[in-house]
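Q: No letters, just coordinates:
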């Protein structure tokens, strides 16, 4: 994992911890042993996370498609990194 990917995962883990109302720690998210839903990320927290990602990174997250990238912080970070590619529509 590159330093940039690790930093992105850390930012997302911190966001998830904050949006989970203290139910999930950033360390639990980063451990990667369980999906975010298995850790207890609720559907409401997921919507709040999408809003936070869009605000923080200036991207549009499409929730009408495949949501498998939201299962783990690593897949979410990879999806977000793809959205952040220069020249890609946001």
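A: Arrived safely. Predicted model only: the values in this text are computed from it and were never measured. Numbers count the residues shown, from 1 in each chain.
Q: Who are the packing partners of the helix or strand encompassing residue 28?
A: If you go by DSSP states H and E, residue 28 is part of helix 26-31. Helix 26-31 sits against helix 3-19, helix 36-39, with contacts defined as 3 or more CB pairs under 8 Å, 6 or more residues apart in numbering; DSSP states H and E. For glycine as for every other residue, the C-beta is placed from the backbone atoms N, C-alpha and C.
Q: To residue 61, which of the ones you listed lies closest?
A: Within those, the stretch nearest residue 61 is helix 3-19; the backing value is 12.1 Å (CB to CB).
Q: Looking at the helices and strands packed on helix 26-31, spot the one closest to residue 28.
A: Distance to residue 28, taken as CB to CB, is lowest for helix 36-39 among the helices and strands packed on helix 26-31, at 5.7 Å.
Q: Please state the mean pLDDT value computed over that closest one.
A: Per-residue pLDDT over helix 36-39 has a mean of 92.
Q: from the chain's centre, how far out does the helix or strand following it sit?
A: Where DSSP H and E defines the elements, the next helix or strand beyond helix 36-39 is helix 43-57. In terms of CA atoms, centre = their mean, to the nearest Å, the centre of helix 43-57 is set 8 Å apart from its chain centre.
Q: Now do the buried residues in helix 43-57.
A: Residues of helix 43-57 classed as buried: 45, 46, 48, 49, 50, 52, 53, 57 (neighbour count, 16 or more other CB atoms under 10 Å).
Q: Please state the mean pLDDT value computed over the helix holding residue 28.
A: 94.
Q: cool, and stretch 43-58?
A: In this model, stretch 43-58 has a mean pLDDT of 92.
Q: Over to stretch 68-86?
A: 88.
Q: contacts for it?
A: Residues outside stretch 68-86 that contact it (CB atoms under 8 Å, 6 or more residues apart in numbering) are 4-5, 8-9, 12-13, 16, 29-30, 32, 35-37, 46, 49, 53, 57, 59-61, 88, 90.
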